[in-house]
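Student: Here's my sequence, what's the structure:
(one chain, ligands or ions: 1)
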Amino acid sequence: MKFALLLSKEDIHLGKEEALAILSPKSYSNVGNLLIMHLKEKEGLFNRLAYTDAVYVLLFESSYNQFIGEMERFDWKSVYRENFCVRVSSILSNSIKSGNKHRKVHKNIKFDKKLYSEQNLAGFIWRGIDNPKVTLRNSKTNIRIFFTKNKVYCCLLHNELRHDFNSRKSHKRPRPSPVSLHPKLAKAMVNLTGAKNEDTVVDPFCGSGGILIEAGLMGLRVVGYDLNKKMLWKSIVNLKHFGIKSSSLLVKDFFNIRRKYKYIVTDLPYGLNTNIMQNIRVTKVNKNKIGNYLDKFYGKIISHLENILADKAVVIFPNYFDYRKALKKSKLKIKHEFERYVHNNLTRKIVVLEK
Ligand SMILES: C[S@@+](CC[C@H](N)C(=O)[O-])C[C@H]1O[C@@H](n2cnc3c(N)ncnc32)[C@H](O)[C@@H]1O
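Tutor: Okay, here's the model as predicted:
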């Protein structure tokens with residue numbers, strides 16, 4: 001069965017890799033923020049995707065020349081339920097415009113405005129159904145037609161993904177933390193591992209539990225460690241608040257973890273927040289020394305991560321650490337890299353690593 005995923009424009013690259021990791025399609029292709037994939041039915045997992053706005057069943061795809069013929073030939077009775085609506089959108093290589101704006105966007109495509117209007121295209125469905133009814137809002141048969149540069153994709157809405165990330169933001173949890181990630185990013189990071197079903201996800205620097213909450217809510221088992229007792233307690237309280245039961249949380253120094261774990265997802269301590277650095281004051285004189293110190297600290301993390309990782313890790317490094325250089329000395333391979341700007345002095349580098 002073929003599906004079309006409309007990826008969030010906030011981060012198309014992250015949305016795409018997240019979906020591929022979770023759904024493992026037989027084959028896929030993508031244009032702009034439209035990701036077409038061939039799947040065995042895996043509907044349950046669509047709801048996990050943080051950077052996907054909507055999922056469609058692909059009814060057919062065609063060239064511009066054959067599109068109208070396909071609209072005429074398609075068996076609309078096979079998908080029609082109660083009422084219908086038709087929406088058209090243009091997909092560009094890196095953006096999307098909705099509604100009738102596609103005419104402006106696709107100046108280079110020979111666009112027959114009348115022929116490709118929502119009204120005209122709806123006519124093909126109207127004529128293919130016995131007692132048709134058009135309902136524009138909350139329609140039961142929501143047909144969406146995506147025009148790309150060379151192809152047209154005719155789709156049926158499967159589900160829109162509406163995550164309640166706001167209610168899980170750090171300041172809404174019983175024990176907040178200013179350094180906790182946005183839940184959307186935390187969820188996508190967990191998904192990038194491809195962990196499913198009863199798999200366990202470990203955050204060895206779990207802090208107040210932002211990553212573990214997302215993993216736990218997706219039904220994964222979670223294990224969290226933190227050196228700081230107060231931070232670990234925050235995780236315990238926060239996870240309980242969200243009803244996450246299958247968890248194991250322990251006060252432990254990362255460097256003392258001896259077990260191997262298949263999936264590790266973590267946001268490393270940054271600069272002066274690292275425990276090593278807590279008693280050191282940055283001055284012009286010692287700035288370089290501190291830089292070297294942090295390099296050593298993150299280097300040590302990479303070599304211990306290599307010891308305890310069995311399969312895949314998703315790690316956030318701060319931009320001021322040359323993780324590529326450090327990783328060359330290890331057996332960990334970089335699979336994907338993403339970036340998030342935080343403020344002038346900090347950009348988060350989200351790196352997917354494989355053993
Ligand atoms: C960036 S914060 C993690 C934030 C977390 N994702 C959250 O949602 O709150 C990094 C955490 O690493 C912990 N930490 C620092 N050094 C550590 C070590 N050697 N072993 C374990 N945890 C450590 C800190 O106490 C801090 O809570």
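Student: Can you show me the helices along this structure?
Tutor: With DSSP state H as the criterion, the chain has helices at 12-23, 43-46, 64-73, 102-105, 118-128, 183-193, 210-217, 229-241, 287-308, 323-328.
Student: The ligand is nearest to which of those?
Tutor: Counting by C-beta to the nearest ligand atom, the ligand lies closest to helix 210-217 out of the helices of the chain; the figure is 2.7 Å. Yep, even glycine has a C-beta here, placed from its N, CA and C like the rest.
Student: Would you mind putting the CA coordinates of that closest one into CSV?
Tutor: Output in CSV follows, covering the C-alpha atoms of helix 210-217 (Å, rounded to 0.1, in the frame of the first residue of the first chain):
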residue,chain,number,x,y,z
GLY,A,210,12.1,15.3,28.8
ILE,A,211,13.3,12.5,26.4
LEU,A,212,12.1,9.7,28.6
ILE,A,213,8.6,11.2,28.9
GLU,A,214,8.3,11.1,25.1
ALA,A,215,9.6,7.6,24.8
GLY,A,216,7.4,6.3,27.6
LEU,A,217,4.3,7.9,26.1
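Student: outside of that helix, which residues touch it?
Tutor: When contacts are defined by C-beta atoms under 8 Å, 6 or more residues apart in numbering, helix 210-217 is touched by residues 168, 170, 173, 177, 180-181, 183, 186-187, 189-190, 195, 201, 203, 206, 222, 224, 235, 238-239, 242, 244, 246-247, 249, 265-267.
Student: what is the orientation angle of it with helix 229-241?
Tutor: Counting by axes from the mean of the first three to the mean of the last three C-alpha atoms, to 10 degrees, helix 210-217 points 30 degrees away from the direction of helix 229-241.
Student: Which strand residues bridge Leu156?
Tutor: Counting by DSSP bridges, Leu156 forms beta bridges with Val57, Ile143.
Student: Show the contacting residues for it.
Tutor: Tyr56, Val57, Leu59, Val79, Thr141, Asn142, Ile143, Arg144.
Student: where's it relative to Lys140, distance?
Tutor: Distance, Leu156 to Lys140, by C-beta to C-beta, to the nearest Å: 10 Å.
Student: same check, this time on Ile264
Tutor: Ile264 is 43 Å from Lys140, by C-beta to C-beta.
Student: Please say which of these two ends up with more neighbours.
Tutor: Set side by side, Ile264 and Lys140 show more neighbours around Ile264, with 25 against 13, by other C-beta atoms under 10 Å.
Student: what about the closest residue to that one other than its chain neighbours, neighbour count?
Tutor: Sequence neighbours aside, Ala313 is the residue nearest to Ile264 in space, at 4.2 Å (criterion: C-beta to C-beta, 6 or more residues apart in numbering). Other residues near Ala313 come to 27 when the count uses other C-beta under 10 Å.
Student: now do Ser167
Tutor: By other C-beta under 10 Å, the residues close to Ser167 number 10.
Student: any weak-confidence spans in the stretch 1-150 of the chain?
Tutor: Scanning the stretch 1-150 of the chain with the threshold set as pLDDT under 70 gives 41-43, 93-111.
Student: Look up how far Leu115 lies from whichever residue of the stretch 1-150 of the chain sits closest to the ligand.
Tutor: As assessed by C-beta to the nearest ligand atom, the ligand sits closest to Ala50 within the stretch 1-150 of the chain, at 15.5 Å. Distance of Ala50 to Leu115, given as C-beta to C-beta: 37 Å.
Student: For the two, indicate the residue with more neighbours.
Tutor: Taking neighbours as other C-beta under 10 Å, Ala50 and Leu115 compare with Ala50 leading, 25 against 10.
Student: got the residues of the protein near the ligand?
Tutor: By C-beta under 6 Å from any ligand atom, the residues of the chain that approach the ligand are 177, 179-181, 205-211, 225-228, 231, 253-255, 267, 269, 274-275.
Student: Show only the entries of these found in strands.
Tutor: Tyr225, Asp226, Asp267 (DSSP state E).
Student: show me what contacts the nearest residue to the last one once chain neighbours are set aside?
Tutor: In space, not counting the residues next to it along the chain, Asp267 is nearest to Ile316; the distance is 4.4 Å by C-beta to C-beta, 6+ apart. Taking C-beta under 8 Å, 6+ apart as the criterion, Ile316 is in contact with Leu181, Met189, Thr266, Asp267, Leu268, Arg348, Lys349, Ile350, Val351.
Student: on that earlier part again, make a PyMOL selection of whichever of the residues of the chain next to the ligand turn out to be buried.
Tutor: Provided next is the PyMOL selection string for whichever of the residues of the chain next to the ligand are buried by 16 or more other C-beta atoms under 10 Å:
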select buried, resi 177+180+181+205+206+207+208+209+210+211+225+226+227+231+254+267+269+274
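Student: how about the ones in strands among the residues of the chain next to the ligand in CSV, adding pLDDT?
Tutor: Formatted as CSV, these follow (pLDDT from 0 to 100):
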residue, pLDDT
Tyr225, 98
Asp226, 97
Asp267, 97
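Student: could the residues you listed go into a markdown table alongside distance to Asn120?
Tutor: Putting these into a markdown table (distance: C-beta to C-beta, whole Å) gives the following:
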| residue | distance to Asn120 |
| --- | --- |
| Tyr225 | 60 |
| Asp226 | 60 |
| Asp267 | 51 |
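Student: just those now: which is nearest Asp11?
Tutor: Asp267 (16.7 Å; C-beta to C-beta).
Student: follow-up on the earlier one: quick check: of the contacts of Ile316, which has the highest neighbour count?
Tutor: That'd be Met189 among those, by other C-beta under 10 Å, with 28 neighbours.
Student: For the closest residue to that residue other than its chain neighbours, give me its contacts.
Tutor: In this structure, Met189 finds its nearest non-sequential neighbour in Val314, 4.6 Å apart by C-beta to C-beta, 6+ apart. Residues counted as contacts of Val314 (C-beta under 8 Å, 6+ apart) are Met189, Val190, Leu192, Thr193, Ile264, Val265, Thr266, Ile350, Val351, Val352, Leu353.
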